[in-house]
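Asker: Turn this into a model:
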Amino acid sequence: MAHSALSQVPATVSIYSDASLPKSVFKFNNVSFHEKTRTSHLSLDSKVGISWSRSRPVICMSVQQARTAKVAVSPLSLEDAKEPPLHLYKNKEPYTGTIVSVDRLVGPKAPGETCHIVIDHGGNLPYWEGQSYGIIPPGENPKKPGNPHNVRLYSIASTRYGDFFDGKTASFCVRRAVYYDPETGKEDPSKKGVCSNFLCDSKPGDKVQITGPSGKIMLLPEDDPKATHIMIATGTGVAPYRGYLRRMFMENVPFKFNGLAWLFLGVANSDSLLYDDEFSKYLQEYPDNFRFDRALSREEKNKNGGKMYVQDKIEEYSDEVFKLLDNGAHIYFCGLKGMMPGIQETLKRVAEQRGESWEEKLAQLKKNKQWHVEVY
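Answerer: So this is what the prediction gives:
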């Protein structure tokens, strides 16, 4: 994404995730970035320049790079605040943002559809990594005639600088919520998720009502750049972690991360992986600072022969995880509410095998502010 300073050697250049740049803008070697691809590795024989409108960044890439130079961001005044922005816009007076892009993130074999959605807020709705926006879908609330729909909260999937690094956009990772009748097996449009379908059906230029930002529990602690952050997600719960990781490994910001970021992501199958190219890039370039473990429930088996869920993957590395927690690591959970019982049971079982009381350990983690949970 930026210039390299190393000697010129022909190489294969990996461009960041299909979700990290406007996908409709460019195509190379018959590889379209408007659709999900498992890899985005392009063999280039010369430097490549990419540019787009609205004063977005110009990207110059050179084949000689060994590690992608970090991206300059602006305005750096977004680093000045000592406290996170909270509730700048409320339900009765929301901010009107504009849809920049909506792109499908998952492949054809994924159950359901998940989209990456970029919204322009013009720099008027600043936020920190780990916070959420509220979205008010258009139309009337059927349960309260004459009133707008209820606000739906979405974790922000970008850093405070947004996907264009100019502090004017925010991104969401949204799965389209649909309902299938258990008797007929057919989709019932009358019971579909109002807000998720509105967002996934949106077109560039459409207006969207936004509230927030809100939330403090998932804020990324930056007091110790050598800290360990263990991030656990199912599906779209990966959203805040994408923001963390872009701040740690992609952007040239005052926060100089040199600790360990360890991501556990649980999804149904390979086609359901989210931002996989982006995360794989970090794994390639920062092997000492980033670990990434996937749990594919419909493709992998756990040690007992059952489906591989994210808690099973955590159990595989439980000794390391517990040692890191004992040494002050932060641990984060984001995703569907149903993920927590299985994870808690696994952690409790592992603690007991180690001769520890999970209840006491959990209480200590919470007291030390190492335990961060945001489920929905």
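
Asker: What mean pLDDT does stretch 122-137 get?
Answerer: Stretch 122-137 carries an average pLDDT of 98.

Asker: now the strands for the stretch 101-250 of the chain?
Answerer: 114-120, 132-136, 152-155, 169-175, 207-214, 228-234 (DSSP state E, counting those that start in this stretch).

Asker: quick check, distance from the fifth one to the centre of its chain.
Answerer: Think strand 207-214. 18 Å (Cα atoms, centre = their mean, to the nearest Å).

Asker: Check the second one too.
Answerer: The gap between the average C-alpha position of strand 132-136 and the chain average comes to 16 Å, counting by Cα atoms, centre = their mean.

Asker: quick one: buried residues of it?
Answerer: By 16 or more other Cβ atoms under 10 Å, the buried positions in strand 132-136 come out as Ser132, Tyr133, Gly134, Ile135, Ile136. C-beta: built from backbone N, CA, C; applies to glycine.

Asker: For Met250, give me phi and psi.
Answerer: Backbone torsions of Met250, given as degrees, to the nearest 10, read phi -110, psi -40.

Asker: Hmm, it is touching Lys70, no?
Answerer: Yes - contact criterion Cβ atoms under 8 Å: Met250 and Lys70 qualify, at 6.4 Å.

Asker: ends of stretch 283-291, how far apart?
Answerer: 6 Å (Cα to Cα, to the nearest Å).

Asker: next one: stretch 332-346
Answerer: End residues of stretch 332-346 are separated by 15 Å (Cα to Cα).

Asker: Give me the mean pLDDT for it.
Answerer: 94.

Asker: quick revisit: would you mind saying which of the strands of the stretch 101-250 of the chain lies nearest Lys361?
Answerer: Closest to Lys361 of the strands of the stretch 101-250 of the chain, according to Cβ to Cβ: strand 228-234, at 14.3 Å.

Asker: Can you give the strand pairings for that closest one, parallel or anti for each?
Answerer: strand 260-267 (parallel), strand 330-335 (parallel) (DSSP bridges).

Asker: With mean neighbour count as added columns, please give those strands in a markdown table.
Answerer: Listed next are those as a markdown table, based on neighbours: other Cβ atoms under 10 Å:
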| stretch | mean neighbour count |
| --- | --- |
| strand 260-267 | 24 |
| strand 330-335 | 22 |
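
Asker: Which one, of the ones you listed, ends up nearest to Gln364?
Answerer: It's strand 330-335; of these, that one is closest to Gln364 (Cβ to Cβ) at 12.3 Å.

Asker: how much does the helix or strand following that closest one deviate in direction from strand 330-335?
Answerer: Where DSSP states H and E defines the elements, the next helix or strand beyond strand 330-335 is helix 339-353. Relative orientation of helix 339-353 versus strand 330-335 (axes from the mean of the first three to the mean of the last three Cα atoms, to 10 degrees): 140 degrees.

Asker: what angle do the helix or strand that comes right after helix 339-353 and strand 330-335 make?
Answerer: The helix or strand immediately downstream of helix 339-353 is helix 358-367, counting by DSSP H and E. Angle, helix 358-367 to strand 330-335, by the same axes, to 10 degrees: 100 degrees.

Asker: how about helix 358-367: buried residues?
Answerer: Buried residues in helix 358-367 (16+ other Cβ under 10 Å): Trp358, Lys361, Leu365.

Asker: Out of those, flag the one nearest to Pro94.
Answerer: After measuring those against Pro94 - Cβ to Cβ - the closest member comes out as Leu365, at 35.9 Å.

Asker: wait, that closest one sits on Tyr332?
Answerer: No - using Cβ under 8 Å, Leu365 makes no contact with Tyr332, being 11.6 Å away.

Asker: related to what we said a few turns ago, could the buried residues of strand 132-136 be laid out in a markdown table, adding distance to Thr169?
Answerer: Below are the buried residues of strand 132-136 laid out as a markdown table (distance: Cβ to Cβ, whole Å):
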| residue | distance to Thr169 |
| --- | --- |
| Ser132 | 16 |
| Tyr133 | 12 |
| Gly134 | 17 |
| Ile135 | 15 |
| Ile136 | 19 |
